[in-house]
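> Provided below are the primary sequence and the corresponding predicted coordinates.
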Amino acid sequence: MQTTIKSPVSLEGIGLHTGRPVRVRLCPAAAEYGIWFRRTDIDPGQAMISAHWTSVVPSELCTMVMNDDGVSVSTTEHLMAAIAGTGLHNLLIEIDGPEVPILDGSSALFVRAILARGIRRLDRPVRAIEVLKRVEVTRGNAFAALQPAAGLEIDFRIDFADAAIGRQEKVLDMANGAFLHALCDARTFCRRAEVEAMRERGLALGGSLDNAVVIDGDRVLNPGGLRHADEAVRHKMLDALGDLALAGAPIIGRYIGDRAGHATTRALIEALMTTPEAYRIVECSRAQVARLPGAGVKRSDLPAAA
């Protein structure tokens, strides 16, 4: 069955790029509603923005969705990953600014808030996008592909010159709460030099060691160090799940990413959805629903530190 959150929940924080306070409220929605943002600081006639790949517009360092009136919400990826990872299909997200709060740089606080309210089942079947044929895209040195699989799997590789990151790779079947216990607390990361360059350009104004892992060569500058030895690749997988959630339905297939970022994953979704023979929309059986990322998740699936 489709799902929504049982009751509203609010979170407050700052925008990573604007550095401004922002409040987000997750509200229950009816079956077939989908996922929508509503800007509460905008005229109601222009405030609604669909969390869908067709609404994504180019944006540096994050994923941004925009409506036909030019009203946007950026840095959607961590919240969308939490929504997918807890198995929510219908949700209204009220937000009083142009950017989702960064919180601790991961999805963990969003996940904790959702599970604290609980998940309500709705009397409609879950429909998913089943990948039938491999599709792939390349953007510079970044590569991503989707190919058939029995559930959602993520296979990701990164390669950085910085010794504190280096080459990392990880493969996960996203069933059985894998997102919660393996990925949701992985924080966004960046190089110290990149932070300084972004701030000179008026970006990352809200960034700090409280909401990002900062790397300087072979050093991790955060006093507490890493949450996982391979936290960087885990966060890239988290981002990928959040961006895949914009497909409009859960994906049944294997995602392969090599140095892939938000733009590459968005291009991959477009490649899939514009290749009719590469996918089909299926009404999920119980067995298929059980293999989706949010099936049966519970608060005990969260890492102790999340």
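Yep, it's here.

> for this structure, which segments count as helices?
With DSSP state H as the definition, the chain shows helices at residue ranges 77-85, 108-117, 178, 192-200, 231-244, 262-273, 286-290.

> least reliable of those helices by average pLDDT, please.
For these, mean pLDDT drops lowest on helix 192-200, to a mean of 74.

> for that helix, packing partners?
Applying 3 or more CB pairs under 8 Å, 6 or more residues apart in numbering; DSSP states H and E, one finds that helix 192-200 makes contact with strand 213-216. In short, each C-beta sits where N, CA and C put it, glycine included.

> dump the strand it packs on to PDB, keeping only the CA atoms.
Provided in PDB are the C-alpha atoms of strand 213-216 (Å, rounded to 0.1, in the frame of the first residue of the first chain):
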ATOM      1  CA  VAL A 213      32.900  16.900   6.700                       C
ATOM      2  CA  VAL A 214      35.800  19.100   5.700                       C
ATOM      3  CA  ILE A 215      38.900  17.500   4.200                       C
ATOM      4  CA  ASP A 216      42.400  19.000   3.900                       C
END
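
> partner strands of it and their direction?
strand 189-191 (parallel), strand 219-220 (antiparallel) (DSSP bridges).

> and the shortest one, what's its mean pLDDT?
The average pLDDT within strand 219-220 is 94.

> so what touches it?
164, 213-214, 226 (CB atoms under 8 Å, 6 or more residues apart in numbering).

> can you pull the contacts of residue 25?
8-10, 93-95.

> okay, and for the protein, where does confidence drop off?
203-205, 304-306 (pLDDT under 70).

> most centrally placed residue in it?
residue 242 (1.9 Å; CA atoms, centre = their mean).

> list the contacts for that one?
With CB under 8 Å, 6+ apart, residue 242 has these contacts: 63, 76-82, 84, 107.

> quick check: chain neighbours aside, which residue is closest to the residue of the chain most remote from its centre?
Most distant residue from the mean C-alpha position of the chain: residue 218, 27.7 Å away (CA atoms, centre = their mean). Among residues not flanking residue 218 along the chain, residue 163 sits closest, at 3.7 Å (CB to CB, 6 or more residues apart in numbering).

> same thing with residue 262?
In space, residue 262 is closest to residue 63, 4.7 Å off (CB to CB, 6+ apart).

> before we move on, back to that, ok, the contacts of residue 25 vs residue 301, which is closest?
Nearest to residue 301, judged by CB to CB, of the contacts of residue 25 is residue 9 at 18.1 Å.

> that closest one and residue 25: what is the separation?
7 Å (CB to CB, to the nearest Å).

> now swap in residue 164 and tell me
From residue 164 to residue 25 the distance is 37 Å (CB to CB).

> cool, and residue 180?
22 Å.

> swap in residue 270?
Counting by CB to CB, the gap from residue 270 to residue 25 is 30 Å.

> equivalent analysis for residue 64, please.
20 Å.

> and if you look at residue 297?
Relative to residue 25, residue 297 is positioned 21 Å away (CB to CB).

> flag every buried residue along stretch 20-27.
The neighbour-count check on stretch 20-27 (16 or more other CB atoms under 10 Å) flags 22, 24-27 as buried.
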